[in-house]
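*Asks:* Return atomic coordinates for the entry below.
(one chain, ligands or ions: 1)
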Amino acid sequence: MEKNWSLETICLQGGYEPEDGQARVLPIVQSTTYKYSDPDFVADLFDLAAEGHMYSRISNPTVDAFEKKMAQLEGGVGAVATSSGQSATTLAMLNICKQGDHILSASTIYGGTHTLFASTFKKMGIEVTFADPSLELEELVKLAKPNTKVVFGEIIGNPGLNILDFEKFSKLAKEIGVPFAVDNTLATPYLCRPIEHGANIIIHSATKYTDGHATSLGGVVIDAGNFDWKENGFSDFVDPDPTYHGISYVETFGESAYIVKLRVQLLRDLGTCLSPFNAFLMHKGLETLHLRMERHSDNALRLAQFLESHECVSWASYPGLQSHSSNEASKKYLPKGCSGILTFGIKGGIEESKTFMRNLKLAAIVVHLGDARTSVLHPASTTHRQLSEQDQIKCGVTPDLIRVSVGIEGIDDIIADFDNALKSI
Ligand code: PLP
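*Replies:* Model prediction:
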């Protein structure tokens with residue numbers, strides 16, 4: 001890669017740079033296997049002593065191009081693509097934590113991650129403390145335990161849309177000597193590069209804005225290469241791995257120790273790899289990431305301003321609004337725009353909210369976000385319906401809350417659609 005390429009150029013040309021005569025567009029290498037003629041070379045591949053693809057569960061040329069582009073966009077030393085955002089979070093954490101370990105996580109995270117941590121990780125013997133991210137640093141430090149192995153947060157929290165205080169969370173991680181992992185799904189590297197704010201590991205549900213067109217599930221973990229595993233006593237990265245003839249990840253792979261270990265241990269054993277076809281679609285989706293994120297952000301701000309002053313609307317929440325508690329933080333961490341997610345409440349309650357959604361013509365009810373098309377969701381009657389009303393409110397899901405993933409259609413059309421649906425309640 002050219003050293004000084006802008007994010008825009010990386011979006012278009014990162015990850016895959018064809019030689020003369022090769023395909024201009026990233027080819028889909030739909031092959032599980034790779035041909036070799038020397039058994040000693042294949043043995044070297046198995047020992048991690050040579051570079052090359054051996055089996056597509058571990059690596060594949062199309063997936064590799066997508067991984068490289070994501071690592072370049074985030075400014076990391078390497079990336080591993082996975083079959084979904086959930087598997088990216090799972091692998092990112094299991095690469096550090098095992099039975100008996102503890103994770104200190106912000107409480108304002110995606111519901112699926114919350115359940116993964118609180119239920120499945122608990123069954124695996126990994127304990128997670130969910131901390132209110134607005135606590136002072138000293139109070140957060142007190143929530144750490146001797147067995148805490150990682151601090152976790154999400155760039156834009158759900159459903160409050162609070163922006164992670166990177167300064168505080170990276171200080172927290174440094175103070176307790178553990179890596180700081182950030183789910184950057186909602187901002188994408190175009191709007192925010194967490195590594196520049198002290199993050200060590202970045203996680204994405206590539207299903208969302210990375211793909212951008214609601215075609216494929218996928219995830220990715222990016223290694224900043226800036227955490228000293230040896231110095232901080234993470235012995236699994238230093239001690240010999242008997243499953244690879246006793247190599248030490250830190251000694252052999254240096255700053256890429258984390259991401260190599262994740263690939264060769266966890267993709268090998270758990271098998272949650274990304275398919276070449278999905279990698280192709282995601283690599284293509286990234287070609288317009290810069291344009292889409294700009295338009296998602298502009299449209300979301302315009303719609304949020306419109307809703308905030310609408311007579312049928314009781315409240316609207318978007319970090320780009322001056323009324324939002326994260327407005328100042330948004331200027332610091334998301335200066336190019338606050339992404340495409342907003343929430344609002346309709347005067348009345350659950351029935352009025354449902355009527356509004358039924359009356360939309362351009363926007364659709366979709367259990368997804370980050371698509372180029374505008375979509376809406378009513379969490380109280382869908383994603384959070386299993387919770388009691390009291391528990392819903394504790395999570396910030398009020399009966400009237402509607403979440404909007406603002407698309408990149410003409411903003412006047414989106415506003416007209418919302419206006420008509422609101423007026424027809
Ligand atoms: N992280 C965030 C912020 C998400 O919104 C989601 C899904 O909505 C995930 C992770 C999980 O991703 P996936 O659905 O690709 O497994």
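*Asks:* Distance check, residue 332 against the ligand.
*Replies:* 20 Å (CB to the nearest ligand atom, to the nearest Å). The way it works is simple: take the backbone N, C-alpha and C, and place the C-beta from them, glycine included.
*Asks:* got the contact list for residue 258?
*Replies:* 95, 179, 201, 223, 225, 227, 229, 237, 249 (CB atoms under 8 Å, 6 or more residues apart in numbering).
*Asks:* Quick check: which element contains it?
*Replies:* helix 257-261 (DSSP states H and E).
*Asks:* How far does the helix or strand following that helix sit from its chain's centre?
*Replies:* The helix or strand immediately downstream of helix 257-261 is helix 268-270, counting by DSSP H and E. Taking CA atoms, centre = their mean, to the nearest Å, the mean C-alpha location of helix 268-270 is offset from the chain mean by 21 Å.
*Asks:* How about stretch 201-219?
*Replies:* Per CA atoms, centre = their mean, the centroid offset for stretch 201-219 relative to its chain is 7 Å.
*Asks:* Then stretch 76-83?
*Replies:* The answer for stretch 76-83 is 12 Å, by CA atoms, centre = their mean.
*Asks:* what's it in contact with?
*Replies:* So stretch 76-83 is in contact with 63, 66-68, 70-71, 88, 91, 195, 202, 206, 217-225, 255-256, 259-260, 262-263, 267, 272-275, 279, 282, going by CB under 8 Å, 6+ apart.
*Asks:* can I get the CA coordinates of that stretch in CSV?
*Replies:* Taking C-alpha atoms only, stretch 76-83 is exported to CSV below (Å, rounded to 0.1, in the frame of the first residue of the first chain):
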residue,chain,number,x,y,z
GLY,A,76,-4.0,-1.7,12.5
VAL,A,77,-1.2,-4.3,11.9
GLY,A,78,-3.6,-7.0,10.8
ALA,A,79,-7.2,-8.3,10.7
VAL,A,80,-9.2,-11.5,10.8
ALA,A,81,-12.6,-11.7,9.1
THR,A,82,-15.3,-13.8,10.7
SER,A,83,-18.7,-15.2,9.8
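*Asks:* touching the ligand at all, it?
*Replies:* No - Stretch 76-83 does not reach the ligand (CB under 6 Å from any ligand atom); its nearest approach is 8.3 Å.
*Asks:* and the helix or strand harbouring residue 139, which residues are buried?
*Replies:* For residue 139, the host element (DSSP H and E) is helix 137-142. Neighbour-count burial for helix 137-142 flags residue 140 (criterion: 16 or more other CB atoms under 10 Å).
*Asks:* immediately after it, which helix or strand?
*Replies:* strand 148-154.
*Asks:* What residues does the closest residue to the ligand within the stretch 101-250 of the chain make contact with?
*Replies:* Among the residues of the stretch 101-250 of the chain, residue 205 lies closest to the ligand, at 3.0 Å counting by CB to the nearest ligand atom. By CB under 8 Å, 6+ apart, the residues touching residue 205 are 84-86, 88, 110, 183, 185, 218-219.
*Asks:* again, only this time at 10 Å
*Replies:* By CB atoms under 10 Å, 6 or more residues apart in numbering, the contact list for residue 205 reads 82, 84-89, 110, 112-113, 183-186, 211, 217-220, 369-370.
*Asks:* and the residue of the stretch 1-150 of the chain found nearest the ligand, what does it touch?
*Replies:* Among the residues of the stretch 1-150 of the chain, residue 85 lies nearest to the ligand; the distance is 2.3 Å by CB to the nearest ligand atom. By CB under 10 Å, 6+ apart, the residues touching residue 85 are 110, 112-113, 183, 185, 203-208, 210, 217-220.
*Asks:* List the beta-bridge partners for the closest residue to residue 366 other than its chain neighbours.
*Replies:* Excluding the flanking residues, the one nearest residue 366 by CB to CB, 6 or more residues apart in numbering is residue 375, at 3.7 Å. Per DSSP bridges, the residues bridged to residue 375 are residue 364, residue 405.
*Asks:* Check the gap between residue 375 and residue 152 for me.
*Replies:* Per CB to CB, to the nearest Å, residue 375 is found 27 Å from residue 152.
*Asks:* The two: which has the busier surroundings?
*Replies:* residue 152 (26 against 21; other CB atoms under 10 Å).
*Asks:* Contacts for the worst-scoring helix or strand of the chain on mean pLDDT, please.
*Replies:* Within the chain, confidence by mean pLDDT, DSSP states H and E is lowest for helix 389-394 among all helices and strands, at a mean of 75. For helix 389-394, contacts defined as CB under 10 Å, 6+ apart pick out 107, 350, 379-380, 384-388, 397-399, 401.
*Asks:* Please save the CA atoms from that helix in CSV.
*Replies:* Listed next in CSV are the C-alpha coordinates belonging to helix 389-394 (Å, rounded to 0.1, in the frame of the first residue of the first chain):
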residue,chain,number,x,y,z
GLU,A,389,-41.6,-3.0,30.9
GLN,A,390,-39.5,-2.1,33.9
ASP,A,391,-36.5,-3.9,32.5
GLN,A,392,-37.0,-2.3,29.1
ILE,A,393,-36.9,1.1,30.7
LYS,A,394,-33.7,0.2,32.6
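*Asks:* Give me the buried stretch members for that helix, please.
*Replies:* In helix 389-394, counting by 16+ other CB under 10 Å, buried: residue 392.
*Asks:* who does the longest helix along the chain touch, helix- and strand-wise?
*Replies:* Secondary structure assigned by DSSP state H gives helix 289-308 as the longest helix of the chain. Counting by 3 or more CB pairs under 10 Å, 6 or more residues apart in numbering; DSSP states H and E, the packing neighbours recorded for helix 289-308 are helix 7-13, helix 61-74, helix 188-191, strand 313-317, strand 341-346, strand 401-405, helix 411-423.
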